[in-house]
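> My questions concern the predicted model and sequence given below.
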Amino acid sequence: MNSKKWWVLLVVVLLIGGSIGGKILYDAKKERDRQDLLHIGDRLEKSLSDYEDTVNQINEDKELAEEYTNLMESIVDENFAASELDEMVAKACKMESELMDIYPTVYTEPSSVCD
């Protein structure tokens with residue numbers, strides 16, 4: 001056989017092999033995509049759960065900030081008896097510390113009550 005026939009045979013074999021390999025890769029990709037679609041609900045449920053957890057945490061943080069603000073206003077306005085004042089200041093300082101951890105850019109320094 002001459003060299004031209006070998007080249008033609010080699011090209012035909014490569015084309016057939018490439019076609020078969022391409023088909024196998026295409027089918028594998030199709031199956032991965034199908035599995036991703038089948039399991040998309042699981043990922044959506046996890047994302048929704050993470051979102052709800054984040055919203056709940058934000059609401060808890062907001063409630064803590066509001067409670068702290070109200071408590072500090074009461075302390076400043078001296079709405080407590082002297083016997084309750086130390087307990088309320090300690091509670092406010094604990095809340096302030098938590099808020100400083102949550103919102104470091106908002107609560108940068110302790111209040112004068114908690115120095």
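Yes, it's here. Numbering: from 1, shown residues only.

> Flag the shaky bits of this structure, pLDDT-wise.
Along the chain, segments meeting pLDDT under 70 span 1, 79-80, 115.

> Which secondary structure element is home to Thr108?
Under the criterion DSSP states H and E, no helix or strand holds Thr108.

> Same question for Glu87.
helix 82-102.

> Which strands and helices lie in contact with that helix?
helix 40-76 (3 or more C-beta pairs under 8 Å, 6 or more residues apart in numbering; DSSP states H and E). C-betas here are computed from N, CA, C, even on glycine.

> For Ala92, grab the count of nearby residues.
Neighbour count of Ala92, defined by other C-beta atoms under 10 Å: 21.

> For the closest residue to it other than its chain neighbours, give its distance to Glu31.
Counting by C-beta to C-beta, 6 or more residues apart in numbering, Ala92 lies nearest to Leu71, which is 4.9 Å off, once chain neighbours are set aside. Using C-beta to C-beta, to the nearest Å, Leu71 is found at 60 Å from Glu31.

> do Cys114 as well
61 Å.

> Then Ser74?
Taking C-beta to C-beta, one finds Ser74 at 65 Å from Glu31.

> what do you get for Pro104?
According to C-beta to C-beta, Pro104 and Glu31 sit 48 Å apart.

> tell me, how many neighbours does the nearest residue to Cys114 once chain neighbours are set aside end up with?
If the residues on either side of it in the chain are set aside, Cys114 comes closest to Cys93, at 3.9 Å by C-beta to C-beta, 6+ apart. Residues lying near Cys93 (other C-beta under 10 Å) number 16.

> Spit out the contact partners of Cys93.
110, 113-114 (C-beta atoms under 8 Å, 6 or more residues apart in numbering).
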